[in-house]
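>>> Quick one: sequence plus predicted model below, questions after.
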Protein chains: 2
Amino acid sequence: MRALFLFLIIVFAATPAPAQGPGVASDRDVPDIACDVLFQVSTIDALLDGVYDGAMPMAEVLAHGDTGIGTLDGLDGELIVIDGKAWVVRPDGRPAPVPGHVTTPFASVTPFEADQTLALGPAVSMAELAAALDAALPTPNLFYAIKAHGEFKAVRTRSVPRQAKPYPPLAEVTAHQTVFELGPVAGTLVGFYCPPYVKGVNVPGWHLHFLSDDRSSGGHVLDVAFDSLTVALDLTGEFFMALPPGDSDFYRSDLSLDRSKALHDVEK
Amino acid sequence: MRALFLFLIIVFAATPAPAQGPGVASDRDVPDIACDVLFQVSTIDALLDGVYDGAMPMAEVLAHGDTGIGTLDGLDGELIVIDGKAWVVRPDGRPAPVPGHVTTPFASVTPFEADQTLALGPAVSMAELAAALDAALPTPNLFYAIKAHGEFKAVRTRSVPRQAKPYPPLAEVTAHQTVFELGPVAGTLVGFYCPPYVKGVNVPGWHLHFLSDDRSSGGHVLDVAFDSLTVALDLTGEFFMALPPGDSDFYRSDLSLDRSKALHDVEK
């Protein structure tokens, strides 16, 4: 643990947030939906249960954030939103732009603004990276968006194939996931830290996707190794969740179960 | 169980929701924060852990809803928001209006619009009422706001005294709660159903407060008995949570624990 702290140098950027997000008009004190809000479609436990039908077009999702992760209608690959553009990495491993009309069954985005930046020294695993990031948080009880750029010695990612109905649970799909051993590669880790009390709603802890600078590779991050990494964190104290509208598989999913083990299985 | 269904007559009001909530201007397709959003301050587990410092003025909370429940800064009584007015029931048992500058450490509100109305027959307990309401829900996986008006044969409520620092956990406070045996009394049950997957965030199942028509009594509902009850339900598919801003007790609360038992103890 001491080594973690030694290589952790915290630089406080103290970027002031704009008073009003772009494109949102309001004549009273409503929460600024465009600032410091994690905007989420559906819940992780519904996804674990196989609720893969798209619930919101990506164009609408992107109105709420320029940075984030998720998947597409039918569990059609791994979604990465960066700099306001949505990319999907399917099992062929090649990132493709996502048209705005394509829907998502589960996604999280935020308008990214760095509140805190970190210069991390070497790490040889996702566990080491997560521990270094955990140590830098002012509290484990908020949400954080992360963008981390660097030259990676290695990134292990995965993707999943589009599913047909009846949809199998996510753990059955990821049992046959396609794994990519990337690196050395320059790119960005994108994702979120969610606090422990949203278990069932989103993924507690760090959930990261990757996109290479040359947009030739990416996916859901399983492991990483790097000598140095520049991390930007966006402290996020507000949370908005839009559940799938209308009568759907979401209505009939058993969301009273503790799916922690299934979540652990699909994340690793 | 059969009796429950027999006395349950569901009348679908099918009230069309207005396309735009009052007072919210928007030039694009953002979620309508004033419609069908449960707006929440902080989390139930933080309250269970004694995070009682007010985090938002009631005037700001009321901008997000005209109906709801919660408590006030320092755990100063039981909050009931009805028809856009906030009332607090302290251990003296007399509802008092809440000035807009007073803050809340935990509250949930929504702009109430009935989507579904029920005419319930007799019930002799909170458990019977909850079972009848459960049976009427199209799915257990959404949020629902409830306003239920009737002549109650009996309502058992409670309140809690304002706390001084260092704040004790909520279960210690409710161990010494003041209980009111009300009735017969005309009044309204106000509150929410929250789905099981928000455990830790809000109260799963039904959480009701009461306010009498003559505004002379109320509190957190422990039990009810009635011959008939008119129930209005507001299906709520969007959820907004504002966490306490800035470095505070909230930052330091251990929100990784399963506080289900403590929640059960304080609700009953």
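Thanks, I have it. Residues are numbered from 1 along each chain as shown, chains lettered A, B, ... in the order given.

>>> ok, A:Glu151 - contacts?
A:Pro184, A:Val185, A:Ala186, A:Phe226, A:Asp227, A:Ser228 (Cβ atoms under 8 Å, 6 or more residues apart in numbering or on different chains). To be clear about C-beta, it is placed using only N, CA and C from the backbone, and glycine gets the same treatment.

>>> Of these, just say which sits nearest to A:Val201.
Among the contacts of A:Glu151, A:Phe226 lies closest to A:Val201 (Cβ to Cβ), at 30.2 Å.

>>> ok, the closest one - contacts?
Here A:Phe226 is in contact with A:Leu120, A:Pro122, A:Ala123, A:Gly150, A:Glu151, A:Phe152, A:Lys153 (criterion: Cβ under 8 Å, 6+ apart).

>>> Among the residues you listed, find me the one that's closest to A:Lys199.
A:Lys199 has its nearest neighbour among the contacts of A:Phe226 in A:Ala123, at 25.6 Å by Cβ to Cβ.

>>> Thought A:Leu129 was touching the closest one, still the case?
Yes: counting by Cβ atoms under 8 Å, A:Leu129 is a contact partner of A:Ala123 at 4.8 Å.

>>> residues shared between the contacts of these two?
A:Val224, A:Leu229.

>>> Spell out whether the strand or helix carrying A:Thr117 and chain B are in contact.
In the assignment (DSSP states H and E), A:Thr117 maps to strand A:116-120. No: counting by Cβ under 8 Å from any Cβ of the partner chain, chain B has no neighbours in strand A:116-120; the shortest distance is 13.5 Å.

>>> Which positions within that strand qualify as buried?
Using 16 or more other Cβ atoms under 10 Å in any protein chain shown as the test for burial, strand A:116-120 gives A:Gln116, A:Thr117, A:Leu118, A:Leu120.

>>> Just give me the closest of those residues to B:Thr178.
Nearest to B:Thr178 among the buried residues of strand A:116-120: A:Gln116, at 45.2 Å, using Cβ to Cβ.

>>> so that closest one makes contact with A:Ala136?
Yes: here A:Gln116 lies in contact with A:Ala136, judged by Cβ under 8 Å, at a distance of 7.2 Å.

>>> is it true that A:Ala59 lies in a helix?
Yes: under DSSP: H, G, I helix; E, B strand; the rest coil, A:Ala59 falls within a helix.

>>> coming back round to it: what is the nearest of the buried residues of strand A:116-120 to A:Leu222?
With Cβ to Cβ as the yardstick, the closest approach to A:Leu222 among the buried residues of strand A:116-120 comes from A:Leu120, at 18.7 Å.

>>> Tell me, how many residues neighbour the residue lying closest to the closest one once chain neighbours are set aside?
Closest residue to A:Leu120 apart from its sequence neighbours, by Cβ to Cβ, 6 or more residues apart in numbering or on different chains: A:Leu229 at 4.4 Å. Residues lying near A:Leu229 (other Cβ atoms under 10 Å in any protein chain shown) number 21.

>>> In this structure A:Met58 contacts A:Pro105, no?
No: A:Met58 lies out of contact with A:Pro105 (Cβ under 8 Å); the separation is 11.5 Å.

>>> Next, show the common contact partners of the two.
A:Leu72.

>>> that older thread, return the subset of the contacts of A:Glu151 lying in helices.
Members of these lying in helices (criterion: DSSP state H): none.

>>> So what touches stretch A:194-202?
By Cβ under 8 Å, 6+ apart, the list of residues contacting stretch A:194-202 reads A:38, A:40, A:43-45, A:108, A:140-143, A:192, A:203-205, A:207, A:239, A:241, A:255, A:258-260, B:43, B:45, B:196-201, B:255-256.

>>> Which pLDDT value belongs to A:Arg215?
You'll see A:Arg215 listed with a pLDDT of 98.

>>> whoops, A:Asp32 was the one
We note a pLDDT of 44 for A:Asp32 in this prediction.

>>> just to revisit the earlier point, so the residue nearest to A:Leu120 touches A:Gly150, yeah?
Yes: the pair A:Leu229 / A:Gly150 is scored as a contact, 4.1 Å apart, by Cβ under 8 Å.
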